[in-house]
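1. sharing a model prediction with you, sequence too.
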Amino acid sequence: MKYFLSYRFDERQGVVWRGSRPVNITRKAAGVLRCLVERAGTTVSQDTILSCVWPDAHVQPDNIKVLVRELRRALEDHSQAPVLIRNDPGRGYAFIAPVSDVPLTSAADRDGARPSVFVNHRDDMQKLTDALAGASQCRLVVVEGERGIGKTALCDAFLQYARSISSVHVGYGQCFKHAGRPEPYSPIHDALDHLARQLPSTVPALLGRHAPGWLAQRPYHTAETMASAEGATPDAWRAIRELSEVLEALGSDATTVMVLEDLHWGDMETIEVLRHLVRRHAPLRTMIIATVTPFESTVATAALQSLTSELSPAGRCVAIRLAPLTQEHVRTYLSERFQSDSMNRFARTLHRLTGGNPLALVSATEALVDADYFVLEAAGWRSRHSPRTLESSLPERIWDILFWRFDHLDPEDRVLLETAAAIGAEFAPADVASAAGFGSAAGIARRLEVLHTRGFIARKGVARRGAGADDPGYRFLHPLHAEMLGNRAPAFQQLRVAERRGRASAKVDRVG
């Protein structure tokens, strides 16, 4: 038996426990965990993991990524601020938590000190619990927000609540970004697999009885179900009917909750199934939570937005839109993270640097701890820097974290902000349009306003030469954002912007 944080891992059985409750992971995920825990503290190459988990088979290294994601999700770890599994790009993975052969006496204390930014979701949790209470039919909840805004954290907290209710079954599925067309029904298949692992004597039998088309593609055939699944495939209408019958059967004694994450990368077949399930009047007793990043330009994103608009007026769909953290939320997080108010003076600085993005906030805070900017002493936590000097001497890791948010923008929006950064920390739409060489000032203003609502920039009245003092404009949340974007823009783009700005400035001088 191995012990780490608040978990214990039975290596021979491949079972992880947290307290008295088992953690749901697949056999292959347990194999990856075993391989990493046995080599804790060192980076384990992909080849080593492959030879440990698949000793007699040739599989693609991408399978490791999928299983590491499963472990992180099950063990509540985060790739941007890991406390269990760290990814060393190009080298492999390392298990970084302390591991012991005996129970860790301070495990509960350490686990309680793990960072949490679940400080602004009380109303959102209430919406989810209300939807669960009213799920006599099929209800859809769409959770929208930027990357790192807390969609997964909200779903995890709700699933923890749902699992505490004996009359609730929970299934989880996730979509991944694909170069080509995504596999039909992929997240629903994942959720059914998750349900089958929890209810091995119930779900496969129900699929065999009501949904042979779905069962035909699953790995848990039994002698009893093999015959019914033979040759069956879930075409669109058959898939809807079969899945509806399975959910209705499950709903005879419990409510089914299915979380489908990152559905903006999903397939149209899944979204069409959701449309028909939610519109059915059968007693399905099912709640489906779909998370989506609404600014991903995919067909699935547009289809989900259309579906939300279609179903919301009838009360069959609830949309939850997650906003960035406020400065007060950041202050609350720092108080919880450091167990005192001593570090609250950094709330404004960290809020401006991270734009209130929870994942960026946690990652930046932990990077400052790792770099000994924030240190724990006998009297408690203290900082080696004031907020002002901290901003002028940030470690390199912080720059990478801050740039992560901008790096995931749509390419056109990224170029737009890089152009604005060449102007300065404050800028007006007309100046950006002139420097960019594309689009009208009105069109640029509309795009900048969207970026404002997404938490990347702020509104500010900007006075320009030849314009009134009330000329509308914007500013970066922190001057370092402008510096970072300007420095990391391609050199040819910087030269082109400088040339256009020079021509525009000369034209204004001639008119003056």
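-> Sure, I can see it. Residues are numbered from 1 along each chain as shown.

2. measure the nearest residue to Val16 once chain neighbours are set aside to Ala425 for me?
-> Among residues not flanking Val16 along the chain, Val23 sits closest, at 4.1 Å (CB to CB, 6 or more residues apart in numbering). Backbone N, C-alpha and C define where each C-beta goes, glycine included. Separation of Val23 from Ala425 (CB to CB, to the nearest Å): 46 Å.

3. could you do Ile444 as well?
-> Counting by CB to CB, the gap from Ile444 to Ala425 is 17 Å.

4. what about those two, which has more around it?
-> Legend: neighbour count by other CB atoms under 10 Å for Ile444 and Ala425, higher for Ile444 (24 against 17).

5. the helix or strand hosting the more buried one - what's its average pLDDT?
-> Using DSSP states H and E, Ile444 maps to helix 441-453. For helix 441-453, mean pLDDT rounds to 89.

6. in its sheet, what does the helix or strand that that helix is followed by sit against?
-> Downstream of helix 441-453, the first helix or strand assigned by DSSP H and E is strand 457-461. Sheet pairing for strand 457-461, assigned by DSSP bridges, gives strand 472-476 (antiparallel).

7. may I see the buried residues of the strand it pairs with?
-> Using 16 or more other CB atoms under 10 Å as the test for burial, strand 472-476 gives Gly473, Tyr474, Arg475, Phe476.

8. from Val432, how far off is the third one?
-> Applying CB to CB, one obtains 12 Å for the distance of Arg475 from Val432.

9. for the first one, same thing?
-> Using CB to CB, Gly473 is found at 9 Å from Val432.

10. same check, this time on Val99
-> Counting by CB to CB - Val99 and Val432 are separated by 52 Å.

11. the more surrounded of these two?
-> Neighbour totals were compared for Val99 and Val432, and Val432 leads with 25 against 18 (other CB under 10 Å).

12. between the helix or strand hosting the more buried one and strand 472-476, how big is the angle?
-> Val432 is located in helix 429-436, with elements delineated by DSSP H and E. Per axes from the mean of the first three to the mean of the last three CA atoms, to 10 degrees, the angle that helix 429-436 makes with strand 472-476 is 70 degrees.

13. in helix 429-436, which residues are buried?
-> Buried residues in helix 429-436 (16+ other CB under 10 Å): Pro429, Ala430, Asp431, Val432, Ala433, Ser434, Ala435, Ala436.

14. for the fifth one, what are its contacts?
-> By CB atoms under 8 Å, 6 or more residues apart in numbering, the contact list for Ala433 reads Gly439, Ser440, Ala441, Gly443, Ile444.

15. and it, how far is that from Val415?
-> In terms of CB to CB, Ala433 sits 13 Å off from Val415.

16. over to the first one?
-> For Pro429, the distance to Val415 equals 15 Å [CB to CB].

17. before we move on, what about Leu215?
-> 49 Å.

18. of the two, who's got more company?
-> Taking other CB under 10 Å, Leu215 and Val415 do not tie; Leu215 has more neighbours (29 against 18).

19. re earlier: closest to Gln160 out of the contacts of Ala433?
-> Ile444 (44.0 Å; CB to CB).

20. contact partners for the closest one?
-> By CB under 8 Å, 6+ apart, the contact list for Ile444 reads Leu416, Pro429, Ala430, Val432, Ala433, Ala436.
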